[in-house]
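**Student:** any chance you could fold what I've pasted below:
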Amino acid sequence: MRMPANDNVPRQAVIVADSFNSRFKPITLEKPRCLLPLANKPMIDYTLQHLINNGFHDLIILSRSYGSLIDKHIAESRYMERNELVTIRNKKLSPENCNSFGDAMRELSDEGTIRGPFILVTGDMVSNMDMRAAMESHQANKEKDKDAIMTCIFKKVMPGHPTRGLEDDVVVCLNPDTNRLLRFCNANSKRFDYDLDLFNSHDVMDFRYDLMNTYIMICEAHVPARFSDHFDIQDMDSFIKGIIVDEEMCNESIYIHILEHSYAARVSNLRTYASVSHDIINRWTYPVVPDNNSPPDDQYIYRRRGVYLPNSVRPYKAVIHQNTIVGSETTIDRNTHIVDCVIGRKCEIGANVRITNSYIWDEVTIKNDCVIDSAVLCSGATVKQDTTVSAGCILSYDTVVGPSTVLKPGTRVTVAGPRHMRNDSECSNDSEDTRCSDPDNISETDVLGSDHWGVIYQSDEDSDGSSGDEDEQRAEFNRKWYVRHPDCCEFDEISDSSDSTPVPSEPEQDSEIGFYGEVCDSFKAGYAIQKDIDNVLIEVNASKHAYNISVADQLMHSTRALLELCPEVKEFPKYVQYFGPMFMKLAKDRDSQMVILDEIETWALERCRVQDAQRILHILYNDDVLEESNILEWYEGADDDVKSSVAKFIVWLKEAEEESSESD
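**Tutor:** Numbering: from 1, shown residues only. Reported below is the predicted structural model:
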C-alpha cells in the first residue's frame, strides 16, 4: 500500500487529536478521545497504522490538551519501535488561544512545518483504504485545475446507517464529470438554499445524499494559511463551504474522491463509537481486525460467531454468544452470558452476570448477579453485586455503583470535577485536577447505591454548541447512542434459535461454515465405506488450507462434526474406534485436547445433552484421545451442570490415579 516515489506525492500527514466538542464527556475529562480504546486498541493507533501503511513517514499530531499523555503513548508505540524511518511529532497547541479546529490550523500555519502537499485527518479515524487511487485523483485534478486546493474523501454510505452521525448527514452537490464539489449542506436543515447562478453555470449536477465525509483530506501546502486569512472560520465544514460559495475565496476549488468498497469512518460521537466497534468485530475493516492488530504478548484468536479470545482467557464457566472481544487476563465466572460486547484486559466478571451490547474497558470489576445493557464502563470502574446498569449509562474512570441498585437509562457517573461542569471543550488542561466525590449526598446515594464513589455528571447541553431546534435534535441523537446495530441480538433471540450456528454475512465466517460442511461430508462418507482414516485426514487438511482455517478451529469443527455424526451415545464407541487415530494425530498436546474438551462442553450445553458428556469423555479417555491430566484440569473450570454430569467419572479418574501412584 505504499506510495510510489514521486516528489509531488505527500509524505507528511497532520493528525488533529482534539475534537473541540463535548460529545464524550465525562470520559474525556480525564483522557483525550484519541486515546480511548476502540475494540481494545487506542483510537489514534488506527490512524497511525493507516498512515504508516500508506507510506507517510512524517506525522504531525496537533494536541491542545493532555499533551503529556499523548507523548507517553507515542513513545511507547509499537509503530515507533518497528519503523525507524517514521517520525511522529506531537505539536502541543496553546490551550488559551486554541479553541477550535480553525485555531489549530492557524497555529500550524504559523509554525511553518508543512513543506508541501499533506494528508489531514482526525485522531479518531479507522480505515483500510489504499490511498494511491485518491492521491492519483488529486494529482490529476491539480493538472487540470491549478486552483484545486483540496480533495476530500467521501464514503458511499446510505442515509440512516449507524456510522453516519448528525454532523455527517450531508447533501453534496457536485459536477458528475469532474467530481468538483459545488455545494455542501447539512441534511438536518429545514430548507436548502441554492443560488440561481449555480444552475445557470452548470448544465448537469449531481445531488448526492448517499455520501459521508470521512474527514480524510488531501491538502495543498497553503490550506493552513487560508485559515489564517479568515479568522472567522472555526471548523472544516465552514472552510469547505467558504471555498465553494464565498466570493472572497471562490478562486479556489475542492474535489471529492468517492470510496465504494474500502472502509473509512470517524468515531465522532458515542453512537459512531458503537457502530465502528461493531464493524471492526464483524471484519468490515479487514485487514484492520483484532486478530491482526494485537501485540505479540496478547494475540487474539478469531473463533466462530465473531468471538475473539486470547490464549490467556478460557471462559469454561461462561457463555460468550457472538460478536465479542475479550481482553487478556480477564476472568469470567460461571453462568455469565455475554453478547455483542468488547471486554478489556484484566477485568473481573462475577457469576450470573448478563452483559449485552456494552463496552467494558480495562480492569473493570463486575460483581455477581449484575445486568449491564448498552453501557460504557471505563477503566477501573466497579459495579457492586445485584446492580443493573441500564441503557446509555456511562461509568467513567474509577467510579463505583451499587450494590442492589438500578441505574436509570442515560446516567453518567464521574469522579472528575464538580457536578455541573463547563462545556466549552471536550478536553481539560493537563494541569487541571478537579477530582471530587460526594458519597454522603443523599440523592446520589439513592441513585448510585450505598457504596458508590463518584457524582452524577450533568451537562448543560449534549451538543457541540449549536442552538435551537438543531441543538435539541443533536442532544436527543447523542442520548440515544446505544441504539443497537441491526445485526445485534438479544439473549432470548439466541436461546430461542433452533440453529446453534447463525448464518453470518462476513467472508471469514462463511469460510468456517464452508469448512465445517466439508468436514461433515468427509466424515460421513468416510465412515459409511470405512475409508482409510489417513485419507479422511488428508481431505480434512486439504479443506483446512482451502478455507484458511487455523489448527485450533480445525480441531474444534472436527470435534463438532464427530459429535453431530453419532446419532446416539451408545453408538459413540464405534465412531471413536474409527476416528480415534485421526484425533490422536491432531491432539497430541494439552492445548489441542483442551479445544476438544471445550467443544464437547459447548455441544452438550447447546444440544441439551449434558447427560451424555460423561459417557463421551470416558470413551475418548479409554481410546487414548484424551489424557487424564487434561480432563482433570478442564473439569475445574467446567460449567456446573456439566460438572455434575461427569462427577462420577472424575472421581473414578482420581481414584485410578491414586491406585497407580500407590502401586508405583
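
**Student:** which parts of the stretch 201-350 of the chain are strands?
**Tutor:** 206-208, 211-219, 253-259, 264-266, 300-303, 307-310, 319-320, 324-326, 331-332, 337-339, 342-343, 348-349 (DSSP state E, counting those that start in this stretch).

**Student:** turn those strands into CSV, columns for mean pLDDT.
**Tutor:** CSV is the format used below for the strands of the stretch 201-350 of the chain (pLDDT from 0 to 100):
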stretch, mean pLDDT
strand 206-208, 90
strand 211-219, 92
strand 253-259, 92
strand 264-266, 93
strand 300-303, 84
strand 307-310, 88
strand 319-320, 84
strand 324-326, 93
strand 331-332, 91
strand 337-339, 91
strand 342-343, 96
strand 348-349, 95
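
**Student:** and these: which comes nearest F231?
**Tutor:** strand 211-219 (19.0 Å; C-beta to C-beta). Where C-beta positions appear, they are placed from N, C-alpha and C, glycine not excepted.

**Student:** let's see the closest one as CSV, backbone CA atoms only.
**Tutor:** Presented in CSV, the C-alpha positions along strand 211-219 are these (Å, rounded to 0.1, in the frame of the first residue of the first chain):
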residue,chain,number,x,y,z
LEU,A,211,-22.1,10.1,0.8
MET,A,212,-20.4,10.5,4.2
ASN,A,213,-17.4,12.8,4.7
THR,A,214,-14.6,10.6,6.2
TYR,A,215,-12.6,13.8,7.0
ILE,A,216,-9.6,12.3,5.3
MET,A,217,-8.4,15.2,3.2
ILE,A,218,-5.5,15.6,0.7
CYS,A,219,-4.4,19.2,1.0
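
**Student:** that one to strand 253-259, inter-axis angle?
**Tutor:** Counting by axes from the mean of the first three to the mean of the last three C-alpha atoms, to 10 degrees, strand 211-219 lies at 120 degrees to strand 253-259.

**Student:** quick one: residues in contact with strand 211-219.
**Tutor:** Contact with strand 211-219 is made by 10, 117-122, 125, 127, 129, 134-135, 138, 149-157, 161, 163-164, 168, 170, 172, 236, 256-259, 264-266, as judged by C-beta atoms under 8 Å, 6 or more residues apart in numbering.

**Student:** which residues touch E252?
**Tutor:** Taking C-beta under 8 Å, 6+ apart, we find E252 in contact with D147, A148, I149, R226, I243.

**Student:** report the two of those residues separated the most.
**Tutor:** In those, two members sit farther apart than any others by C-beta to C-beta. They are A148 and R226, at 13.2 Å.

**Student:** check contacts around the residue lying closest to E599 once chain neighbours are set aside.
**Tutor:** The shortest distance from E599 to any non-neighbouring residue, by C-beta to C-beta, 6 or more residues apart in numbering, is to T559 (4.2 Å). Residues in contact with T559 (C-beta under 8 Å, 6+ apart) are F583, V595, I596, E599, I600, W603.

**Student:** what's the neighbour count on D623?
**Tutor:** Counted with other C-beta atoms under 10 Å, the neighbours of D623 add up to 16.

**Student:** how about it, phi and psi?
**Tutor:** When read as degrees, to the nearest 10, the backbone of D623 gives phi -90, psi 10.
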